[in-house]
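A.B. asks: okay, here's the prediction I keep looking at, along with the sequence it came from:
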Amino acid sequence: MDLLLQEVQALTPLLAAEAAAEAPGAGVEAADLEQAVWVRLLEHPDGVPEEPAGWLRTAVRAEARLARRRALHEQPYTVEPPAAYDAGPEPAVLAAERRRVLRAAVRRLPARCRPLLALLLSPSDPTYREIAGKLGMSQGSLGPMRSRCLGCLRRMLAAEVAPPERRGMEP
């Protein structure tokens, strides 16, 4: 065991130099190449090879080739995970509270607006043709009525929400 430790200590500067020389061309960190070569040495069936310096140079170059090949085939993950995964349960709770407040406001709208906005907020996401059929009205009159009802809802919610604080310098 003591002999193995001496050989490893003797190989460490050579491995560091070889890895530092190959790493920029391979697009990896020199420490990653060193680690891969140490693992390869541990997996070597005969322990330390007969010609350790030559084996080490060959192993560093082989690991560098593997790293270059991997870099050619790897695709960056461009889709960001939803923020709800990172932020914990708060965004989901706040979104549920907003939906609850919105549905409560829709229930307080005038009678002609309630069914229309309830259908527009439906999770089944019906088309205008389906909404017009359920309400028994023409599809052409659906847009103007939707606009009037949303304006009514907007005014109702604006009266309930405190105005935003002023920013900047006060007059």
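C.D. replies: Nice, I can see it.

A.B. asks: CA atoms for contacts and neighbours, from now on please.
C.D. replies: Will do.

A.B. asks: show me how this protein divides into domains.
C.D. replies: 2-70, 91-159 (automatic domain parsing).

A.B. asks: from the ones you listed, which stretch is densest packed?
C.D. replies: domain 2-70 (a mean of 15; mean count of other C-alpha atoms under 10 Å).

A.B. asks: returning to what we had before: and the domains of the chain, which one averages the lowest pLDDT?
C.D. replies: Here the lowest mean pLDDT among the domains of the chain goes to domain 2-70, at a mean of 85.

A.B. asks: what sits against residue 132?
C.D. replies: Applying C-alpha atoms under 8 Å, 6 or more residues apart in numbering, we find residue 132 in contact with 138-139, 142.

A.B. asks: just the residues you listed: which are in helices?
C.D. replies: Of the contacts of residue 132, the ones assigned to helices by DSSP state H are residue 142.

A.B. asks: kindly reformat the domains of the chain as a markdown table containing distance to residue 78.
C.D. replies: Below are these laid out as a markdown table (distance: least, C-alpha to C-alpha, whole Å):
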| stretch | distance to residue 78 |
| --- | --- |
| domain 2-70 | 18 |
| domain 91-159 | 23 |
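
A.B. asks: I figured residue 146 hits residue 114, correct?
C.D. replies: No - counting by C-alpha atoms under 8 Å, no contact exists between residue 146 and residue 114, whose distance comes to 10.5 Å.

A.B. asks: hang on, the earlier thing: can you redo the contacts of residue 132 as CSV with distance to residue 63?
C.D. replies: Formatted as CSV, the contacts of residue 132 follow (distance: C-alpha to C-alpha, whole Å):
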residue, distance to residue 63
138, 70
139, 66
142, 66
